[in-house]
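J.: I'd like to go over a predicted model; first the sequence, then the structure.
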Amino acid sequence: MSIFNYKAENKKGKIKSGQIVAVSENDAIRRLNKKMFKVKKIKEVSNSLMVKINNKLTPIKNKDLVIFSRQFAVMISAHVTVTEALYTIIEQTENAHFKNIISGIAYNVDGGALLSDALKQNNHIFSDFYCNLIKAGETSGKLDEILSYLADEMEKDFDMLNKFKGAMIYPAFILSGLVAVGVVFIFFVLPELTTMLQETGATLPLPTRIVISITEFGQKYYLAIVIAVVAFIFLFRMFLKTNFGRRKFDYLLIKLPSIGKLFQLIYLVRFCRSLSTLLKGGVSVNKSLAIVGDILNSTVYKDIIKETINNVSEGGSIISALEDSDYVPKMIPEMMSVGEKTGRLDDILEEVAKFYDKDVRNKLNNISAIIEPAIMVIMGLGVGIMVAAIILPMYNMASQF
């Protein structure tokens, strides 16, 4: 799919400039002629090989989807047609890969396809959750509201993910620095020091002997260590791709002290928020649950949702499987029960999501507050051992004179 800039004369004799998505230049001219335009000038925006490669390699981030939805909502609410809105977004989109994706969507919509169907053809970018809500918006005539709501919900997920990443960046940075210092110390500083100390024939202190042993082991078997680490990472990734491995890992993750509770809350916030959004969009309960099950990355909660779907299909309540689970706080099924009775399940779920979202943020702040001093203590111990390994033998040598 390519983007073409064109100048054409409409049936009133006025010259109009714009962009059109087409398979080829001839296809672009044919599509313009079909709209009663007489083409004066047409040129492909870019057809270089490097641009096409870049289009494929540039990742599409959550932020790109948020901006797309927000811009789309504003234009639809201003009564701009879907096709015109897509072409405007193409011009404003900086991400080359995403621009190409939107171009394909615009091409299909311009050819008569529904927006929801055009989005489904790119299900690696637009989830079932997104496409089903767009379809609900098309059916109800509230596409602008749905797009705006989607942007809000994705921003909330984006903010929560950023908060979690932010809490982990500082510890990861400190640990990386400590490892780097350790590698330099073991492979460059200690070998010189070891040679000098061994020449003196002095009895070395225990910390120095331990560090020297680690250094000699690292120098002798460094290749085997690298291979072992790479092999472990590879095998662990393969293990996670199996159903058994993924299930074991997911259950272990939510059972970890402190951080396991945090992961439980993150999954529950996504469950409540996503289910609320779908129900507000007019999607049926069973279909909403199935879509939410696909969104969640935890097999633990996928299993709970499958049980819930079976209960609802058999005429039971949505809360039965949730009540029996050890990984769902009792407050959630109790609140959902109230929502079912009052016919306000979507609103209740939204309130529950807000409540637990605050809890997630508080826990992230607490974990950050605990991790930072803990990392500093570990770093201090590591540096202290290294310094002691150097200073103690030198001090002993100096005291002999």
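T.: In hand now; what should we look at?
J.: what's the following helix or strand after the least confident helix or strand in the chain by mean pLDDT?
T.: Of all helical and strand segments in the chain, the minimum by mean pLDDT, DSSP states H and E falls on helix 49-57, at a mean of 59. Per DSSP states H and E, the first helix or strand lying C-terminal to helix 49-57 is helix 62-77.
J.: restricting to C-alpha, output the helix or strand just after that next one in CSV.
T.: The element immediately downstream of helix 62-77 (helix or strand, assigned by DSSP H and E) is helix 82-92. What follows is helix 82-92, C-alpha atoms only, in CSV (Å, rounded to 0.1, in the frame of the first residue of the first chain):
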residue,chain,number,x,y,z
VAL,A,82,-14.2,8.5,8.7
THR,A,83,-12.2,8.5,5.5
GLU,A,84,-11.2,12.1,5.7
ALA,A,85,-10.3,11.7,9.4
LEU,A,86,-8.0,8.8,8.5
TYR,A,87,-6.2,10.7,5.8
THR,A,88,-5.7,13.7,8.2
ILE,A,89,-4.3,11.3,10.8
ILE,A,90,-1.9,9.8,8.2
GLU,A,91,-0.5,13.3,7.5
GLN,A,92,0.1,13.9,11.2
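J.: residues touching helix 82-92, excluding its own?
T.: Here helix 82-92 makes contact (Cβ atoms under 8 Å, 6 or more residues apart in numbering) with 3, 18-21, 68, 71-72, 75-76, 80, 99, 102-103, 105-106, 109-110, 115, 143. All C-beta atoms are positioned from the backbone trio N, CA, C, and that covers glycine.
J.: let's see that with 7 Å instead.
T.: 3, 18-19, 68, 71-72, 75-76, 99, 102-103, 105-106, 109-110, 115 (Cβ atoms under 7 Å, 6 or more residues apart in numbering).
J.: what residues sit buried inside it?
T.: The neighbour-count check on helix 82-92 (16 or more other Cβ atoms under 10 Å) flags V82, T83, A85, L86, Y87, T88, I89, I90 as buried.
J.: same check, this time on stretch 59-76
T.: For stretch 59-76, using 16+ other Cβ under 10 Å, the buried residues are 60, 64-73, 75-76.
J.: over to stretch 333-342?
T.: In stretch 333-342, residues buried by neighbour count (16+ other Cβ under 10 Å) are P333, M335, M336, S337, G339.
J.: which one of these is nearest I291?
T.: Among the buried residues of stretch 333-342, M336 lies closest to I291 (Cβ to Cβ), at 17.3 Å.
J.: hang on, the earlier thing: can you lay out the buried residues of stretch 59-76 as TSV showing pLDDT and distance to R209?
T.: As requested, the buried residues of stretch 59-76 are exported to TSV (pLDDT from 0 to 100; distance: Cβ to Cβ, whole Å):
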residue	pLDDT	distance to R209
I60	85	54
D64	89	56
L65	90	57
V66	88	57
I67	90	59
F68	92	61
S69	90	62
R70	90	63
Q71	91	65
F72	92	67
A73	90	68
M75	92	72
I76	91	73
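J.: kindly reformat the residues you listed as CSV containing distance to L275.
T.: Shown next, in CSV, are those (distance: Cβ to Cβ, whole Å):
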residue, distance to L275
I60, 25
D64, 25
L65, 20
V66, 20
I67, 25
F68, 23
S69, 19
R70, 23
Q71, 27
F72, 23
A73, 22
M75, 29
I76, 25
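J.: many thanks, have a good one.
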